[in-house]
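Enquirer: sequence? don't have it. structure:
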């Protein structure tokens, strides 16, 4: 969509206040995921022989796949 089209439809670029991402920032959500889930997964991957970098890459793949 072009900038001109966006101006013709101003509501398309407004944030939906019912959207979960509006009410709770993504940073907060990822922080909760890390605290509740990823820390254990990260430690488990490292105990299984993954380096820290490899463990992070594997966890990042999960985010990309789940999207």
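Expert: On my side now, so go ahead. None of these values were measured; they are calculated from a predicted model.

Enquirer: kindly tell me how buried residue 45 is, as a neighbour count.
Expert: Residue 45 is flanked by 19 other residues according to other C-beta atoms under 10 Å. Using the backbone N, CA and C atoms, a C-beta is placed for each residue, glycine as well.

Enquirer: tell me where the chain has helices.
Expert: Here the chain has its helices, by DSSP state H, at 3-8, 20-23, 26-33, 39-47, 52-66.

Enquirer: could you dump these to CSV with mean pLDDT?
Expert: Shown next, in CSV, are these (pLDDT from 0 to 100):
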stretch, mean pLDDT
helix 3-8, 51
helix 20-23, 64
helix 26-33, 79
helix 39-47, 92
helix 52-66, 87
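
Enquirer: need the winner for burial among those.
Expert: With neighbours taken as mean count of other C-beta atoms under 10 Å, these reach their highest mean count in helix 39-47, at a mean of 13.

Enquirer: list the contacts of that helix.
Expert: By C-beta atoms under 8 Å, 6 or more residues apart in numbering, the list of residues contacting helix 39-47 from outside reads 52, 54, 55, 56, 58, 59.
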